[in-house]
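Asker: Model the structure of this input:
(one chain, ligands or ions: 1)
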Amino acid sequence: MISNSCHARCEADHRCYRTPCFEAQLKAQVGLLPVHRNVELCADHLGAMVQSLTAWARREGLTRGQVTVLAIDPDYSLRAADQAFPRTLSRAFEFGAIPLG
Ligand SMILES: [Zn+2]
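Answerer: Down below sits the predicted model:
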């Protein structure tokens, strides 16, 4: 599930004011409970944040899951409001996944 929050800036660092172009999604399971986390990131913070999410998940013992990296379209909300674009147009596309465990 992609959050519908409207973060206008990178979530890696509160001092970073760049517009996020990527989203890292962690999807895993602890016992029967699903664990979902997602952060929107600028290009500069993407690598480090994906690494720390993966490391965190492994520390927590989340071995069944993965961290998915998506490229997101910062102009999506503007374009979604434009009726010329189909509603089904995806906001994000996946370009990488790191399995846990
Ligand atoms: Zn950043």
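Asker: Does the top helix by length along the chain reach the ion?
Answerer: In the chain, with assignment by DSSP state H, the single longest helix is helix 43-59. Yes: using CB under 5 Å from the ion, helix 43-59 reaches the ion at H45. No exception for glycine: its C-beta is placed from N, CA and C like everyone else's.
Asker: could you say what helices and strands that helix packs with?
Answerer: When contacts are defined as 3 or more CB pairs under 8 Å, 6 or more residues apart in numbering; DSSP states H and E, helix 43-59 packs onto strand 22-30, strand 33-41, strand 65-72.
Asker: nearest to V50, of those?
Answerer: Judged by CB to CB, the one of the helices and strands packed on helix 43-59 that comes nearest to V50 is strand 22-30, at 5.0 Å.
Asker: Quick check: beta-bridge partners of G65?
Answerer: A28 (DSSP bridges).
Asker: Run a quick neighbour tally on it.
Answerer: Neighbours of G65 under the rule other CB atoms under 10 Å: 19.
Asker: doesn't L33 make contact with it?
Answerer: No: judged on CB atoms under 8 Å, G65 makes no contact with L33 at a distance of 11.6 Å.
Asker: So R9: helix, strand or coil?
Answerer: Assigned with DSSP: H, G, I helix; E, B strand; the rest coil, R9 falls in the coil class.
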